[in-house]
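Chemist: next comes the sequence, and after it the predicted model I'd like to discuss.
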Amino acid sequence: MIETPHIKCNKEDISDIVLMPGDPLRAKFIAETYLDNYKLVNSVRNMLAYTGFYKGKKITVFSSGMGIPSMAIYCYELYKFFDVKSIIRIGSCGSNNKDVKVLDTILVTSSYTENNFSYTLDSKNINEVEASSILNNLIIAKAEENNIILKQGKTACVLVFDAYILNKEDYYNRLPKDIIASEMEAFALFYIAKKLNKQASCLLTVSDSLYEDKIISALERQNNLKTMIELALETCLEVL
């Protein structure tokens, strides 16, 4: 049994490939819907994690919580203490680009942030970090095989939920012009993966847009999240 400040389970209960939704209940949904012989392997702080088998491949689905600090804690402990090799974040985002529509699926190529995470972690002033090309290439190939359209590009990793930013015009004017969407966890995942010589990717479903006044139904959201989730699961089958 390994017990970190935030995870308590047997080392063998965690696969070397992990899917990370933010929401613990989404982790539960994925396990119940897609995994065979799954079991709950972590419930510390109700950050639920399940390990089971998808088409014979052992996979762990581990919730990350919301924001850079929460993602940093869980991906670091998984990489460092449980020998996880690859993590694919699966989550939602807001579009910053007219060509990226609500319900599109995004593959993040790099994550940009204004925050000082890297400076706090290891005294480096770094504001952008790339996803793992190995994982991204597997995702791209699997998407092409299944006729899934991916929007690829740089995303912003924010510390404040976009809707609550007080001066939105200043914020969006400061961002690099090639950013296509905003989310809250990818920078920490990519940065820690690079530091520990691990693999990390991020798939996102667009839930809202600066350019669309569109309200999506629960069924629409579920179906498009399903596309992203199934793409991530199918990719896991190709990860060595």
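Modeler: Nice, thanks for sending it over.

Chemist: any chance of the backbone angles for residue 213?
Modeler: phi -90, psi 70 (degrees, to the nearest 10).

Chemist: where does the chain have low pLDDT?
Modeler: Applying pLDDT under 70 to the chain flags residues 215, 218-219, 221-223.

Chemist: could you pull out the strands in it for me?
Modeler: 2-3, 8-9, 17-20, 36-42, 49-54, 57-62, 86-95, 105-112, 128-130, 150-157, 179-183, 199-209 (DSSP state E).

Chemist: would you list the ones you listed in CSV and tack on distance to residue 217 and mean neighbour count?
Modeler: Heads up, the C-betas are built off the backbone N, CA and C, glycines and all. What follows is the strands of the chain, written out as CSV (distance: least, Cβ to Cβ, whole Å; neighbours: other Cβ atoms under 10 Å):
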stretch, distance to residue 217, mean neighbour count
strand 2-3, 42, 12
strand 8-9, 37, 17
strand 17-20, 25, 26
strand 36-42, 28, 16
strand 49-54, 27, 22
strand 57-62, 25, 24
strand 86-95, 15, 25
strand 105-112, 18, 22
strand 128-130, 35, 18
strand 150-157, 21, 21
strand 179-183, 21, 22
strand 199-209, 12, 24
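
Chemist: need those in JSON lines with distance to residue 74, can you?
Modeler: JSON lines is the format used below for the strands of the chain (distance: least, Cβ to Cβ, whole Å):
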{"stretch": "strand 2-3", "distance to residue 74": "14"}
{"stretch": "strand 8-9", "distance to residue 74": "13"}
{"stretch": "strand 17-20", "distance to residue 74": "7"}
{"stretch": "strand 36-42", "distance to residue 74": "9"}
{"stretch": "strand 49-54", "distance to residue 74": "9"}
{"stretch": "strand 57-62", "distance to residue 74": "7"}
{"stretch": "strand 86-95", "distance to residue 74": "9"}
{"stretch": "strand 105-112", "distance to residue 74": "17"}
{"stretch": "strand 128-130", "distance to residue 74": "17"}
{"stretch": "strand 150-157", "distance to residue 74": "16"}
{"stretch": "strand 179-183", "distance to residue 74": "16"}
{"stretch": "strand 199-209", "distance to residue 74": "12"}
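
Chemist: for residue 233, find the nearest of those.
Modeler: strand 49-54 (5.2 Å; Cβ to Cβ).

Chemist: end to end, how far does stretch 49-61 reach?
Modeler: Using Cα to Cα, to the nearest Å, the end-to-end distance of stretch 49-61 comes out at 6 Å.

Chemist: identify the residues contacting it?
Modeler: If you take Cβ atoms under 8 Å, 6 or more residues apart in numbering as the criterion, stretch 49-61 is touched by 7, 9, 13-15, 17-21, 27-28, 30-31, 34-43, 62-63, 84, 233, 236-237.

Chemist: residue 29 - how many residues pack around it?
Modeler: 18 (other Cβ atoms under 10 Å).
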